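Novice: Below: sequence and its predicted model.
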Amino acid sequence: MMFAGLSAEQRQALELLTGDPHGATEQLLEVVHGFDSDMTAGLVGSGLAIAKRETMKAGSRTTDVGQIPPSRRTIETAAPPPITKR
């Protein structure tokens with residue numbers, strides 16, 4: 001994966017995000033993986049990730065969840081080069 005100019009932490013977060021087409025929730029990135037919210041906001045601000053709010057329902061309870069999928073540009077950058085036949 002090629003992300004020149006990013007910190008190791010930023011690259012690690014992007015690798016995690018590109019591993020799942022839906023990305024990850026803010027809570028997963030911050031609580032489970034220990035990423036700083038300012039760092040994830042920086043990925044969104046630079047266009048490498050997208051911040052979305054989704055409403056989820058569990059039983060009778062409804063809650064808002066912050067979802068952070070990778071941007072299309074990030075997915076294209078992370079994709080391996082196509083195999084060409086000779």
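Specialist: Noted; the coordinates are in hand.
Novice: contacts, neighbours, all on C-alpha from now
Specialist: Fine.
Novice: ok, now which ones touch the nearest residue to L43 once chain neighbours are set aside?
Specialist: Nearest non-adjacent residue to L43, counting by Cα to Cα, 6 or more residues apart in numbering: A49, 5.5 Å away. Taking Cα atoms under 8 Å, 6 or more residues apart in numbering as the contact definition, A49 lies against L14, L43, I68, P69, P70, S71, T74.
Novice: Counting neighbours, what do you get for the residue nearest to the third one when sequence neighbours are not counted?
Specialist: This means I68. Nearest residue to I68 in three dimensions, chain neighbours excluded: A51, at 4.9 Å (Cα to Cα, 6+ apart). The tally of other residues near A51 (other Cα atoms under 10 Å) stands at 19.
Novice: same question, D38
Specialist: When counting by other Cα under 10 Å, one arrives at 9 neighbours for D38.
Novice: do the same with D36
Specialist: If we define neighbours as other Cα under 10 Å, then D36 has 15 of them.
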